[in-house]
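Asks: Please work out how this folds:
(one chain, ligands or ions: 1)
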Amino acid sequence: MGLQTAALGTIVSTAALPPVKLQNGERIIACVLSNDVLVAKVHSFKFGKVYCNGGLCCKSDPGFVQVRYLIPVAYCAVDNQLNPLAGAEVFVRPLSRSNNNGYRWLVDQKQLNGGNIAGMNILINCIDTEYQKYEFSVHTRFKHPFYAGNQIWENAVKEGMQFYAQHIESFAMELSDEELQQKLAAAAQNTMGGAQAPQLPNFGGVPMPQTGAPAAPMIGNAQVTTAPQLATAPGATVHSINAADLDVIMGRKQ
Ligand SMILES: [Zn+2]
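Replies: Modelled structure (predicted):
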């Protein structure tokens, strides 16, 4: 997509809050920021992830509904000694895992640590870019969250957690069946060589009505409302980071 100039802190993605995404061989230190997890049932279409509502999504993507567990982490790159890279930027993002690709490991660590994983530092090693497969280990060098004591990093984590709470829903798109139908049709058209609407003649500079404009939202009829799409895991409370977690996260408590 070429080089872009952007202000420091700009996040370039289709989602406001993209999940952790690493390249093969990339290693990071990540501090888990909550004992709670969000569970998302999604479909992956060419145009992005869509929350499952049991309707057209399942008919269009049979058998491919995915369950993703989302856990907030603060992370940065490591150096050759596996210390946080000096001067590196710290991000707060959802770590998105399936049950057999990391989530089970995290649950086990929580069990082994007396039911508490918030504040734990982990080392993540990416071994597959395409499928985002990771190896995990507990990073045992620091008693506190790796960013504790570095004012710039601590501020980044505080701000990042607020942004996380406000934007985590953007992990996937919430679409009505009608909206999904439109996106699927547009994607199919793109696949078939990008067929475009014919150019309309323009008489004397008078703008012509656009073809292919999205349908206006329906008013007072058949507007489908869907239930909240992010559910908490059994036994977990709501995802927001609570005061007790915050103490741990900010290194104020062991
Ligand atoms: Zn579905």
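Asks: What ranges does the stretch 101-250 of the chain have for its helices?
Replies: Taking DSSP state H, counting those that start in this stretch as the test, the helices found in the stretch 101-250 of the chain are 104-112, 151-167, 177-191, 243-249.
Asks: Which single strand of the protein contains the most residues?
Replies: Residue-count comparison of every strand in the chain, with assignments taken from DSSP state E, identifies strand 66-77 as the longest.
Asks: Report all helices and strands that the following helix or strand past that one contacts.
Replies: Beyond strand 66-77 on the C-terminal side, the first helix or strand identified by DSSP states H and E is strand 91-97. Applying 3 or more CB pairs under 8 Å, 6 or more residues apart in numbering; DSSP states H and E, we find strand 91-97 packed against strand 66-77, helix 151-167. C-beta: built from backbone N, CA, C; applies to glycine.
Asks: Can you give me the neighbour number for the closest residue to residue 183 other than its chain neighbours?
Replies: Ranked by CB to CB, 6 or more residues apart in numbering and with sequence neighbours excluded, the top spatial neighbour of residue 183 is residue 47, at 5.3 Å. Using other CB atoms under 10 Å, residue 47 has 15 neighbouring residues.
Asks: Return the residues of the stretch 51-200 of the chain in contact with the ion.
Replies: The interface of the stretch 51-200 of the chain toward the ion, taken as CB under 5 Å from the ion, is made up of 52, 57-58.
Asks: one more time with 8 Å, if that's ok
Replies: For the stretch 51-200 of the chain, the residues in contact with the ion (CB under 8 Å from the ion) are 52-58, 61, 65.
Asks: Make a PyMOL selection of the buried ones in those residues.
Replies: Here is the PyMOL selection string for the buried members of those, based on 16 or more other CB atoms under 10 Å:
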select buried, resi 52+53+56+57+61
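Asks: would CSV of the residues of the stretch 51-200 of the chain next to the ion with pLDDT and secondary structure be doable?
Replies: Output for those, formatted as CSV (pLDDT from 0 to 100; DSSP: H, G, I helix; E, B strand; the rest coil):
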residue, pLDDT, secondary structure
52, 95, coil
53, 93, coil
54, 92, coil
55, 92, coil
56, 94, helix
57, 95, helix
58, 94, helix
61, 89, coil
65, 93, coil
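Asks: in the chain, what spans have low per-residue confidence?
Replies: Low-confidence segments of the chain, defined by pLDDT under 70: 1-15, 192-254.
Asks: Residue 118: neighbouring residues, count only.
Replies: Residues within reach of residue 118, counting by other CB under 10 Å, total 24.
Asks: For it, give its distance to residue 67.
Replies: In this structure, residue 118 and residue 67 are 22 Å apart, going by CB to CB, to the nearest Å.
Asks: cool, residue 22 as well?
Replies: Using CB to CB, we find residue 22 at a distance of 21 Å from residue 67.
Asks: which one of the two has more residues nearby?
Replies: The neighbour comparison of residue 22 against residue 67 (other CB under 10 Å) goes to residue 22, with 19 against 13.
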